[in-house]
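In: predicted model and sequence below, questions to follow.
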Amino acid sequence: MNKVDISLRKEEISGGVHRDLRHDSAHKHVSGEADYIDDMPLPEGALHMAAGLSDRAHADILSLDLSEVEAMPGVVLVMTHKDIPGHNDIGPNHRGDEPLLAEKRIEFHGQMVFVVVAETREIARAAARKAKLAYRDLPHATDILDARAQGYPLVTDPLTLKRGNAETALEVAPRRLQGAMRIGGQEHFYLESHIALAIPGEDDEVTVWSSTQHPSEVQHMVGAILEIPSHAVTVNTRRMGGGFGGKETQGNQFAALAALAAKRLNRAVKFRPDRDEDMSMTGKRHDFLVEYDVGFDDQGRILAVKANYAARCGFSSDLSGPVTDRALFHADNAYYYPDVLLTSEPIKTNTVSNTAFRGFGGPQGLVGAERIIEEIGYAVGVDPLEIRKRNFYAIEGDERCLTPYHQKVEDNVVHRIVEELEASSDYQARRRAIVDFNRTSKVIRKGIALTPVKFGISFTFTPFNQAGALVHVYQDGSVHLNHGGTEMGQGLYTKVAQVLADEFQIDIDRVKITATTTAKVPNTSATAASSGSDLNGMAAYDAARQIKDRLYSFAAERWQVPAADVHFLPNRVRIGSEEVPFASFIKQAYMARVHLSAAGFYKTPKIHWDRGRGQGRPFFYYAYGASVSEVSVDTLTGEYMVDRADILHDVGKSLNPAIDKGQVEGAYVQGMGWLTTEELWWDARGRLRTHAPSTYKIPLASDRPREFNVRLAEWSVNREMTIGRSKAVGEPPFMLGVSVLEALSMAVASVADYRVCPRLDAPATPERVLMAIERMRAQRVEP
């Protein structure tokens, strides 16, 4: 890379890295101009698909009568599992435990049994309700404890993380406590539901437009179901109306069925479930039951931790293995456990298979860690923030940097993050004022909490840590960009375009962002694990460097100067003492037959993981953050408000501070919703009853903190060689919402004069808060 004196860049390009830049589609989002799959004009003769769903949680299918379905005017095709030419399995693990269409047994309420293809969506949906199914009901379990009691199996092998001897250390610890915490699941509630449009092509070819975070997996699944090679399947994704992990594997079923029908009928087929169906048919964040046993000293320093993380996984494995693994990876959060034994329990239930969700199990692990800290704080009579500080990983050097999975924490900035936020938020003075307020207030009680985040960045399945990009530079100097990452509103396309603009030193409007497609970049990983910018940004950078290396050689030969005298300046190139406009320079390179296209590639270095031993370096680096939340609780109703939030978050050297700040704000609110109002509830028949906006409550704009102060740690620079020395921002700030749960807990604890840990389960709905207040009242000592 040629170094250039910054003084040579007298003006700046519009839109390089480390600059505020709007999302490339922001104006289209708010104006309605952004095209999603349901907005695309349909080909002539296109058909529509609807699903026939089971109404049992666990049963054998005795008979299936589809005669009335097939007889309905407008119905073109009805398909069951017998119509699948390939293997009837869409599980990402290829374990054969997730049938596309049920065969003889129903495993959860809302499982697909058949599909209907009709001239209109309305006809297809109406026809699907005319099927007659006869069942033999079987015992079912929708809850972790019920599944345990009934002897349900695990859906995948559990993980154990171990260092030292936790059992012995617990026996000799000066103080010890045991407890359990329920942590609820969460519906993704993306604005755009799942959708797929399949268009048949020649021979065995099919093109699928899919709202998916993982086009390559959709490609593979469609090929497996249709028994055709991957090269016959092209999957396109321009943008999603939200994903949050819910479109990593769950889109497979809709794409595969649409493609199967399209090829059978040689007509385009679109499959879009409505919101109720989408919520019933697709997986959610895993519910967890955390059971912990902790030893500590009189100062609240942790000596030993033994904990089991049991998860409601649903009827198949899906991604439950890596999700529960990551829960254990984050069961320490930012704290050092001298002796530790952590186990996972991914248990089967008769519910839809749970799946990826922002944080991928990490938030559940972290919440468990914060409960342990909170318990210790109440046990020794100290502000939990002080317990947090006493147990932080060391900054560097000693054994107190070693995680339960034996990775050394080498980039620890949590001390500085917490110290700065504690001061800037005026935490100590506000906490004293809240304690004084609670002494005299009869109805309203307040709480405040400061919680940190340490989150590991990388796919824990090492092969997924790779990415490709395709870059073309055209004769007029404009640039075409394609990469394996998908855009779901998070601004990935914009960031990667900024990387190219910066590398070529051209205005960003000269870079064309194009839809993700398996036809251009093959074998891509899901846009997940907060790795989108890290992986795809570096792949695009690699492609640009290849092209620039050819251009350096061309310029040196054409102008007879050393390559070191060639510099890319804003929208021009300096060659020796001469400056040439970028477009003119590229035209001359083309005339000299310089190859102006490159396929870039990147794989994350340094990482490795031995699951059998529970040891390795699964993460390239860590991202850090902290938040302070202040709440007010009505002790008569359990209702509450978030009065103020202060956040300081580490994104390294931000590629785009405006987008990153938006990600932090949105993640905090989404995390807050998970831990407060978003409750999933199944009835005695195993039916999900919170399956629509009328019954499932996500935060509204009015639920955001009345005062919302968000800052990025501008001093932070990633120690590892990431793109622009930035850090991931997709998942880590989600866990900033934990401070809301902790603040609610403090408000509730004030009812019993902070003598007892309230042990609030999540989500802390107003009903749960009120019940906790009543428990505290029962333990209150009257003067």
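Out: Alright, I've got the coordinates.
In: give me the number of residues near K82?
Out: Around K82 there are 9 other residues, counting by other Cβ atoms under 10 Å. Bear in mind the C-beta positions are built from the backbone N, C-alpha and C, glycine included.
In: let me fix that: G616
Out: The number of residues packed around G616, counting by other Cβ under 10 Å, is 16.
In: where does this structure dip in pLDDT?
Out: Along the chain, the parts satisfying pLDDT under 70 run over 1-10, 781-783.
In: quick one, longest helix in it?
Out: Ranked by residue count, the top helix of the chain under DSSP state H comes out as helix 532-559.
In: helices or strands next to it in the packing?
Out: Under the contact definition 3 or more Cβ pairs under 8 Å, 6 or more residues apart in numbering; DSSP states H and E, helix 532-559 sits against strand 466-473, strand 479-483, helix 492-504, strand 566-569, strand 572-575, helix 582-591, strand 597-603.
In: mind checking the SS state of the residue lying closest to E192 once chain neighbours are set aside?
Out: Using Cβ to Cβ, 6 or more residues apart in numbering and skipping the chain neighbours, the partner closest in space to E192 is G241 (2.6 Å). Per DSSP: H, G, I helix; E, B strand; the rest coil, the secondary structure class of G241 is coil.
In: G241 contacts F189, correct?
Out: No. Using Cβ atoms under 8 Å, G241 makes no contact with F189, being 10.9 Å away.
In: tabulate the helices and strands packed on helix 532-559 (JSON lines), appending mean neighbour count.
Out: Formatted as JSON lines, the helices and strands packed on helix 532-559 follow (neighbours: other Cβ atoms under 10 Å):
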{"stretch": "strand 466-473", "mean neighbour count": "24"}
{"stretch": "strand 479-483", "mean neighbour count": "23"}
{"stretch": "helix 492-504", "mean neighbour count": "26"}
{"stretch": "strand 566-569", "mean neighbour count": "20"}
{"stretch": "strand 572-575", "mean neighbour count": "19"}
{"stretch": "helix 582-591", "mean neighbour count": "18"}
{"stretch": "strand 597-603", "mean neighbour count": "17"}
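In: can I get these in a markdown table including distance to G362?
Out: Converted to a markdown table, these look like this (distance: least, Cβ to Cβ, whole Å):
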| stretch | distance to G362 |
| --- | --- |
| strand 466-473 | 21 |
| strand 479-483 | 25 |
| helix 492-504 | 20 |
| strand 566-569 | 40 |
| strand 572-575 | 45 |
| helix 582-591 | 43 |
| strand 597-603 | 23 |
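In: quick one: the helices in the stretch 201-350 of the chain?
Out: 215-226, 252-265, 275-281, 320-329 (DSSP state H, counting those that start in this stretch).
In: what's the longest one packed up against?
Out: In other words, helix 252-265. Using 3+ Cβ pairs under 8 Å, 6+ apart, helix 252-265 is in contact with strand 47-53, strand 75-79, strand 112-118, strand 196-200, strand 206-210, helix 215-226, strand 269-271.
In: what residues does the fifth one touch?
Out: Taking contacts as Cβ atoms under 8 Å, 6 or more residues apart in numbering, the residues outside strand 206-210 that touch it are 37, 40, 195-201, 218-219, 222, 226, 228, 232-237, 251, 254-255, 258-259, 262-263.
In: please indicate which of those residues are buried?
Out: 37, 195-200, 218-219, 222, 226, 228, 232-237, 251, 254-255, 258-259, 262-263 (16 or more other Cβ atoms under 10 Å).
In: my read: I123 touches M72, true?
Out: Yes. Counting by Cβ under 8 Å, M72 is a contact partner of I123 at 6.8 Å.
In: neighbour-wise, which of the two wins?
Out: Using other Cβ under 10 Å, the more surrounded residue of I123 and M72 is I123, with 20 against 17.
In: helix, strand or coil for the more buried one?
Out: When the rule is three-state DSSP, I123 gets the label helix.
In: got a list of what it touches?
Out: Contacts of I123 (Cβ under 8 Å, 6+ apart): 48, 72-75.
In: max pairwise distance over these: which two?
Out: Maximum pairwise distance in the contacts of I123, criterion Cβ to Cβ, is 14.4 Å, between H48 and P73.
In: with neighbour numbers in mind, choose between these two.
Out: H48 (24 against 8).
In: my read: that one touches A126, true?
Out: No. Between H48 and A126 there is no contact under Cβ under 8 Å: 11.5 Å.
In: phi first, then psi, for R704.
Out: phi -70, psi 160 (degrees, to the nearest 10).
In: how many neighbours does it have?
Out: R704: 15 neighbours (other Cβ under 10 Å).
In: the one 4 residues further on now?
Out: The tally of other residues near F708 (other Cβ under 10 Å) stands at 14.
In: who's in contact with the host helix or strand of it?
Out: For F708, the element it lies in under DSSP states H and E is strand 707-712. Strand 707-712 is contacted by residues 424-425, 643-651, 654, 657, 660-661, 664-665, 668 when judged by Cβ under 8 Å, 6+ apart.
In: surely R445 and A752 touch.
Out: No. Between R445 and A752 there is no contact under Cβ under 8 Å: 11.0 Å.
In: what about those two, which has more around it?
Out: Higher neighbour count among R445 and A752: R445, with 24 against 19, using other Cβ under 10 Å.
In: tell me which element that one falls in.
Out: Using DSSP H and E, R445 falls within strand 444-457.
In: now that strand: buried residues?
Out: 445-457.
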